[in-house]
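Let's see this in three dimensions:
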Amino acid sequence: MVRWILVLGLLVASAAGTGGTAAAGPAAAGPGIAVAADLPEPPGAQFVPGATNVIAATAAPAKDITTRRDAKTTAGVATAGTYTCPGFSTVDDATPLSSVMQDVYSWGGFKPYKVGNGSGNINWKLNPYNNPSWYMWFHSLRWLGQGITAAGQGDTNALAHVTTIVHDWVLDNPYSWKADVGAWESTMHRTNVLICTRQAVLAGLNVTTLPAQYAWLDSALLDHATFLVNNWSGAWNHGTDESIALFGVGCTLDRADYKTLAQNRLAAAITTSIDAQGSTNEQSTAYAQFNYSLWGRAVDVLRACGADPGTTITTRRALMADWLALATNSLGNLHQIGDSEVVRTAPIAGTPLEYAGSQGASGIAPTQRVGVYSAGYVFGRSGWGTNATFADQSSYSIRYGPARQLHGHSDHTSLTYTARGRDIVIDGGHAGYQNDVWRTWAKSPFAQSSMTTPLSADLLPATKLTRYALNPTSDFYEFSDVPGTGISRVRATLVLRNPDLVVTLDRASAKKAQQFQTLWHLPSDQKATVYSRTTALAMRPGENTRTILFQVPYRQPLPPGAILLKQAQTNPIQGWTYPNITTRLAAPTLMFARSGTTASILSFIAPVPATGAVTYRTRWSGTTYVVDLTVAGVQTSIGITAGGSLVRLA
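Numbering: from 1, shown residues only. Sure thing, here's the model as predicted:
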């Protein structure tokens with residue numbers, strides 16, 4: 001099967017379900033519908049069942065998204081432009097045409113399931129795997145994608161069967177379907193599938209006007225538009241998708257009111273969805289990359305159907321491209337933050353992402369080494385390297401800022417770190433959207449590399465960046481917040497280059513006795529061993545890198561059990577990582593532990609060659625506590641000032 005995909009104004013053919021380009025050129029001849037390229041949409045349901053997220057726009061709206069003066073329409077015909085079928089976002093990849101024709105649906109690695117009687121009569125209440133993602137994408141109708149493209153190419157059997165299934169959904173789920181959260185949350189996606197189906201009918205039958213027997217399609221589109229008018233999710237990807245879909249109905253059915261409302265909503269959302277520094281408000285790196293592409297699609301959609309997208313969207317996307325480049329670690333992946341799988345950075349040509357995403361193979365290296373963003377992100381690296389040395393750099397991320405929302409986790413003050421061509425400190429990852437103990441853990445402080453207080457309920461605090469200093473060979477940051485009732489927490493972080501070294505000083509006090517645990521989550525491919533009360537080692541067998549993690553007593557003696565190793569533990573859950581929502585791996589977690597009403601935990605993380613070692617001694621220099629270190633043969637010194645700052649002295 002051939003699918004025509006719209007890329008940068010050209011129609012290119014690709015093998016259905018692969019997303020790879022087979023040939024390029026205009027679609028001057030040949031049947032079929034234009035289908036936009038898949039966006040890098042994160043997998044899963046993108047919502048928590050039973051919850052409603054409406055994010056109000058908090059910034060002044062853009063004022064430059066308007067209807068073009070030359071856009072004219074004639075009643076019943078959208079002469080102002082076109083709306084390209086937005087595609088099916090890979091949801092259809094696992095359900096080939098043969099499966100569609102048998103009413104068999106597949107998604108997310110689950111076994112294919114027969115959802116109908118083989119004649120297009122579908123049981124829309126099915127959820128055999130009790131998975132909200134499976135159910136939501138079922139109701140999105142995106143799984144019909146290969147059948148829709150075949151129908152548009154003149155396959156009359158596919159046309160009959162696909163339209164029977166779509167009509168069956170319409171009949172079985174009358175307006176309003178808001179009581180069914182899966183049907184509700186997938187409305188924006190299903191709206192687009194209805195538009196694609198309508199286009200397939202016209203193309204497959206080689207007509208320009210919708211035949212009377214398909215009038216139910218336009219009625220369904222009007223119902224979906226009414227739902228979108230009455231239910232807007234606001235300034236985040238759901239609201240953007242909804243606005244694009246509403247605009248699509250307006251373009252398809254020549255409804256200026258729908259288009260105008262969609263334009264106004266996009267104008268209201270863009271300045272909150274992507275702030276003036278280019279940060280996402282969704283607290284997830286993967287969703288930032290999706291939003292970058294989604295707002296690009298918004299520009300294309302507006303321009304193609306009679307609207308002027310202005311410059312605000314383009315300007316904010318350019319800022320986000322800088323953000324995403326800095327959010328790329330030295331392995332070419334986005335730092336795994338929030339509801340993010342391990343995701344490659346897309347090498348978008350002509351932007352800083354080209355260099356970051358290609359790991360220095362093409363494009364121009366960004367000039368900025370560190371980004372500090374008021375939305376709560378710090379991204380830094382030793383340098384950008386070249387194609388040959390990109391992975392030899394070190395890189396890190398730290399989270400702070402506003403309280404958790406949307407796709408965020410309880411990850412404030414948490415660190416991720418790469419060096420020597422591998423992950424050194426990781427995040428617990430993204431467990432998906434099913435309401436279970438694993439998602440609860442993955443979102444919790446206990447899946448992050450930060451100081452936790454397990455006897456206190458998580459207050460989802462806002463966290464302040466109280467000071468920072470960037471120097472040629474070291475970066476310093478200090479954060480403070482209130483993670484639990486009556487508890488204050490301060491983390492100072494110093495990241496060194498030559499040698500690669502991370503130092504953190506966690507200080508906390510509480511009105512009631514607590515457990516204080518600084519957690520360090522390590523990659524699943526490493527074996528960790530507690531060597532002493534101060535030191536642990538982690539290494540992948542046979543690899544030429546090991547990580548030495550140790551703590552130095554500072555204003556507090558090390559108690560018995562000062563270092564604990566947790567791995568593959570289920571009660572309580574600890575020692576795991578989710579590189580993606582369907583893969584849970586046992587991974588070592590080191591715990592530097594204290595108890596009482598105060599804690600002072602001074603941690604060192606040193607990635608070194610397999611035979612490398614770290615030695616140190618401590619001393620006082622006036623009011624500064626000094627740690628002199630030799631890290632794999634490189635000497636350095638760090639100091640803790642009387643005010644709690646971490647500084648590199650040598």
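
Please count neighbours and contacts with C-alpha atoms only from this point.
Will do.

Pretty sure residue 321 sits in a strand.
No: per DSSP: H, G, I helix; E, B strand; the rest coil, residue 321 lies outside any strand segment and is helix.

okay, now it: neighbour count?
Using other C-alpha atoms under 10 Å, residue 321 has 22 neighbouring residues.

Residue 292 is in contact with that one, correct?
Yes: using C-alpha atoms under 8 Å as the test, residue 321 is close enough to residue 292 to be in contact (7.4 Å).

which residues touch the closest residue to residue 235 other than its chain neighbours?
Distances taken as C-alpha to C-alpha, 6 or more residues apart in numbering place residue 269 nearest to residue 235, at 4.4 Å, with adjacent residues excluded. When contacts are counted by C-alpha atoms under 8 Å, 6 or more residues apart in numbering, residue 269 touches 57, 61, 234, 235, 236, 239, 240.

Just the element for residue 269, please.
Residue 269 belongs to helix 256-273 when assigned by DSSP states H and E.

Quick check: what element follows that helix along the chain?
Counting by DSSP H and E, the next helix or strand C-terminal to helix 256-273 is helix 285-304.

For the helix or strand that comes right after that following helix, give me every contacting residue.
Using DSSP H and E, the helix or strand that follows helix 285-304 in sequence is strand 307-308. Outside strand 307-308, the residues that touch it by C-alpha under 8 Å, 6+ apart are 64, 65, 66, 67, 68, 71, 302.

Let me have those residues in CSV, extended by neighbour count and secondary structure.
Listed next are the contacts of strand 307-308 as CSV, based on neighbours: other C-alpha atoms under 10 Å; DSSP: H, G, I helix; E, B strand; the rest coil:
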residue, neighbour count, secondary structure
64, 14, coil
65, 23, coil
66, 16, strand
67, 19, strand
68, 15, coil
71, 14, coil
302, 27, helix
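
and those residues, which two are the farthest apart?
64 and 71 (16.0 Å; C-alpha to C-alpha).

nearest residue to the residue minimising distance to the centre of the chain other than its sequence neighbours?
The centre of the chain sits closest to residue 286, judged by C-alpha atoms, centre = their mean, with a distance of 2.0 Å. Spatial nearest neighbour of residue 286, chain neighbours left out: residue 340 (4.9 Å); criterion: C-alpha to C-alpha, 6+ apart.

these two touch, right, the one you found and residue 287?
Yes: between residue 340 and residue 287 a contact is recorded at 7.2 Å, counting by C-alpha under 8 Å.

Mind listing the shared neighbours of those two?
With C-alpha under 8 Å, 6+ apart, residue 340 and residue 287 have common neighbours residue 42.

if we can go back for a sec, buried sites along the helix holding residue 269?
For helix 256-273, a neighbour-count test (16 or more other C-alpha atoms under 10 Å) marks 256, 258-273 as buried.

Endpoints of stretch 465-480, how far apart?
7 Å (C-alpha to C-alpha, to the nearest Å).

Quick check: pLDDT value at residue 307.
For residue 307, the pLDDT comes out at 96.

Skip the chain neighbours and tell me the closest residue to it.
residue 67 (4.2 Å).

re the thing from before, could I get the average pLDDT for the helix holding residue 269?
98.

Low-confidence regions, this structure specifically.
1-30, 44-52, 71-80 (pLDDT under 70).

Please repeat the previous calculation with a cut-off of 80.
The model of the chain has pLDDT under 80 over residues 1-31, 43-52, 69-80.

quick one, helices of it?
Taking DSSP state H as the test, the helices found in the chain are 97-101, 132-140, 145-152, 156-172, 181-185, 187-205, 215-230, 237-253, 256-273, 285-304, 312-326, 352-357, 437-443.

So for residue 647, which of those sits nearest?
The nearest among the helices of the chain, by C-alpha to C-alpha, is helix 312-326 at 23.7 Å.

Next, the contact list for residue 532, please.
Residue 532 neighbours (C-alpha under 8 Å, 6+ apart): residue 563.

hmm, back to that, distance of the residue nearest to the centre of the chain from residue 322?
15 Å.

ok, now residue 372?
On the measure of C-alpha to C-alpha, residue 372 and residue 322 end up 12 Å apart.

the more surrounded of these two?
When residue 372 and residue 322 are compared on other C-alpha under 10 Å, the one with more neighbours turns out to be residue 322, at 20 against 17.

Reformat the contacts of residue 269 as TSV; add distance to residue 483 and neighbour count.
Converted to TSV, those look like this (distance: C-alpha to C-alpha, whole Å; neighbours: other C-alpha atoms under 10 Å):
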residue	distance to residue 483	neighbour count
57	27	18
61	34	18
234	29	23
235	27	26
236	26	24
239	31	24
240	33	25
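
Go through the residues you listed and flag which are in strands.
Within these, no residue falls in strands by DSSP state E.

Let me know the closest of these to residue 356.
Checking the contacts of residue 269 against residue 356 by C-alpha to C-alpha gives residue 236 as the nearest, at 25.0 Å.

for the stretch 301-450 of the chain, what spans make up the strands?
Assigned by DSSP state E, counting those that start in this stretch, the stretch 301-450 of the chain shows strands spanning 307-308, 370-373, 377-381, 395-399, 415-419, 422-425.

list the helices and strands the fourth one packs on?
Read that as strand 395-399. Secondary structure elements in contact with strand 395-399, counted by 3 or more C-alpha pairs under 8 Å, 6 or more residues apart in numbering; DSSP states H and E, are strand 377-381, strand 415-419.

Just name the most buried of these.
strand 415-419 (a mean of 25; mean count of other C-alpha atoms under 10 Å).

Please name the strands paired to that one in the sheet, noting orientation.
strand 395-399 (antiparallel), strand 422-425 (antiparallel) (DSSP bridges).

angle of the helix holding residue 269 against helix 215-230?
Following axes from the mean of the first three to the mean of the last three C-alpha atoms, to 10 degrees, one obtains 40 degrees for the angle between helix 256-273 and helix 215-230.

Endpoints of stretch 569-587, how far apart?
10 Å.

doesn't residue 305 make contact with residue 82?
Yes: if you go by C-alpha under 8 Å, residue 82 and residue 305 touch, sitting 5.2 Å apart.

Between these two, which contacts overlap?
By C-alpha under 8 Å, 6+ apart, the residues touching both residue 82 and residue 305 are residue 251.

Between those two, which is the more surrounded one?
Remark: of residue 82 and residue 305, residue 305 carries more neighbours, 25 against 16, as counted by other C-alpha under 10 Å.

Could you find the closest non-adjacent residue to the more buried one?
Using C-alpha to C-alpha, 6+ apart, the closest residue to residue 305 is residue 81 (4.0 Å).

ok, back up a step: pipe the helices of the chain into JSON lines and attach distance to residue 86 per row.
Below are these laid out as JSON lines (distance: least, C-alpha to C-alpha, whole Å):
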{"stretch": "helix 97-101", "distance to residue 86": "19"}
{"stretch": "helix 132-140", "distance to residue 86": "13"}
{"stretch": "helix 145-152", "distance to residue 86": "11"}
{"stretch": "helix 156-172", "distance to residue 86": "17"}
{"stretch": "helix 181-185", "distance to residue 86": "17"}
{"stretch": "helix 187-205", "distance to residue 86": "7"}
{"stretch": "helix 215-230", "distance to residue 86": "15"}
{"stretch": "helix 237-253", "distance to residue 86": "9"}
{"stretch": "helix 256-273", "distance to residue 86": "16"}
{"stretch": "helix 285-304", "distance to residue 86": "9"}
{"stretch": "helix 312-326", "distance to residue 86": "19"}
{"stretch": "helix 352-357", "distance to residue 86": "23"}
{"stretch": "helix 437-443", "distance to residue 86": "30"}
